[in-house]
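Engineer: need a 3D model of the following:
(one chain, ligands or ions: 1)
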Amino acid sequence: MRAVAFTVDVDRDVNLACQGDVCSISKGGGAPRFGSSARGLELVLQVLEEMGVKGTFFWEGRTAEVLSARMDLAGMMRGHEVALHGYDHEDFSGKESGLPLDRQGTKEALDRGEGALERVFGRGPRGFRAPYQRTTEALLDELRERGYLYDSSETAPLVNGAVSPYLLGNGLPEAPVCWARDRRGRRIVSYLWPYHEGKRPMGDYLELIEGFQEGLLVIATHSWHLVESYCAGLRPEEEVRRGTDALRTLLEGAERAGAELVTIAAHLRRAHAL
Ligand SMILES: [Zn+2]
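Structural biologist: The predicted structure is shown next:
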């Protein structure tokens, strides 16, 4: 089986962990902003709908609350997978905030995130991706106890063209993003950040997909990244359009390479009898 999951973190614009604060901020202004995330979400969904592809969306709870006041999020997500990405984009490990969340703090962040997603999208079994892809033992154990379908925070190597979900030490399924070597021997991750920051052409990611032969390749991005660059701020319209076209090219390339575009949950149910 050769499946590709296109996944989008829907979180506050250009988020940054903040020293001494559990709640992340948006780069440049301090207080979280959500405008680029909202617009980028519409653009991503347009591409997916044109192609008849279902995506996996890792929602930050607060972003879901804020955007639900101005958009029909439940309608927009119909048919797509809704998963959780924290409530305030918490740095669970405390690596940058300096405030690691203990078991109690972890429970509270998950409670708030789950509450927000239930109010906006309704109940449902969920997957999880940690903000900054930084997990802790307490977080993974809590996800396991709460019956989460999977975590998708790790980065695993593509070995002989294969990468697949696996079980973590505590029994929770992990659907990792992957890394491989490009033709120059440089590490490339199936996370589109370098593309969006002008550090890699989309062709590099097409080659990554072509080198993928077996399992589940998880591609990751952020909705705001189509609209705003981390380093250079808001993009001119022409650049937004180019990025949206490149995304379409990537997904079309995956289909042309013979991969099936699926959500993570659908793949796990089918291939791993979850
Ligand atoms: Zn995030």
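
Engineer: CA atoms for contacts and neighbours, from now on please.
Structural biologist: Fine.

Engineer: what sits against residue 228?
Structural biologist: 13-14, 36, 234-235 (CA atoms under 8 Å, 6 or more residues apart in numbering).

Engineer: can you select the buried ones among those residues for me in PyMOL?
Structural biologist: The PyMOL selection below is limited to those of the contacts of residue 228 classed as buried (16 or more other CA atoms under 10 Å):
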select buried, resi 13+14+36+234+235
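
Engineer: between the contacts of residue 228, which is closest to residue 163?
Structural biologist: Nearest to residue 163 among the contacts of residue 228: residue 14, at 29.1 Å, using CA to CA.

Engineer: name whatever forms a beta bridge with residue 84.
Structural biologist: On the basis of DSSP bridges, residue 84 takes part in beta bridges with residue 59, residue 128.

Engineer: starting at the chain centroid, how far to the one helix or strand residue 207 maps to?
Structural biologist: When elements are assigned from DSSP states H and E, residue 207 belongs to helix 202-210. Averaging C-alpha positions (CA atoms, centre = their mean, to the nearest Å) puts helix 202-210 18 Å from its chain's average.

Engineer: quick one, helices of this structure?
Structural biologist: 35-51, 61-68, 73-76, 103-121, 137-145, 193-196, 202-210, 237-256, 264-271 (DSSP state H).

Engineer: a markdown table please, covering the ones you listed and showing distance to residue 21.
Structural biologist: A markdown table is the format used below for those (distance: least, CA to CA, whole Å):
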| stretch | distance to residue 21 |
| --- | --- |
| helix 35-51 | 22 |
| helix 61-68 | 16 |
| helix 73-76 | 28 |
| helix 103-121 | 13 |
| helix 137-145 | 18 |
| helix 193-196 | 25 |
| helix 202-210 | 35 |
| helix 237-256 | 32 |
| helix 264-271 | 32 |
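
Engineer: kindly state which of those helices is positioned closest to residue 19.
Structural biologist: Checking the helices of the chain against residue 19 by CA to CA gives helix 103-121 as the closest, at 16.7 Å.

Engineer: flag every buried residue along that closest one.
Structural biologist: So for helix 103-121, counting by 16+ other CA under 10 Å, buried means 106-107, 109-110, 112-117, 120-121.

Engineer: just the helices of the chain: most buried one?
Structural biologist: Using mean count of other CA atoms under 10 Å, the stretch among those with the greatest mean number of neighbours is helix 61-68 (a mean of 21).

Engineer: pull the residues that contact that one.
Structural biologist: 10-12, 34, 38, 73, 84-88, 112-117, 120.

Engineer: at 6 Å what do you get?
Structural biologist: The list of residues contacting helix 61-68 from outside it, by CA atoms under 6 Å, 6 or more residues apart in numbering, reads 11, 87-88, 113, 116.

Engineer: check stretch 28-42 too.
Structural biologist: For stretch 28-42, the external contacting residues (CA under 6 Å, 6+ apart) are 12-13, 25-26, 223-224, 226-227.

Engineer: neighbour-wise, which of those residues leads?
Structural biologist: Neighbour counts for those, by other CA atoms under 10 Å, peak at residue 12, which reaches 31 neighbours.
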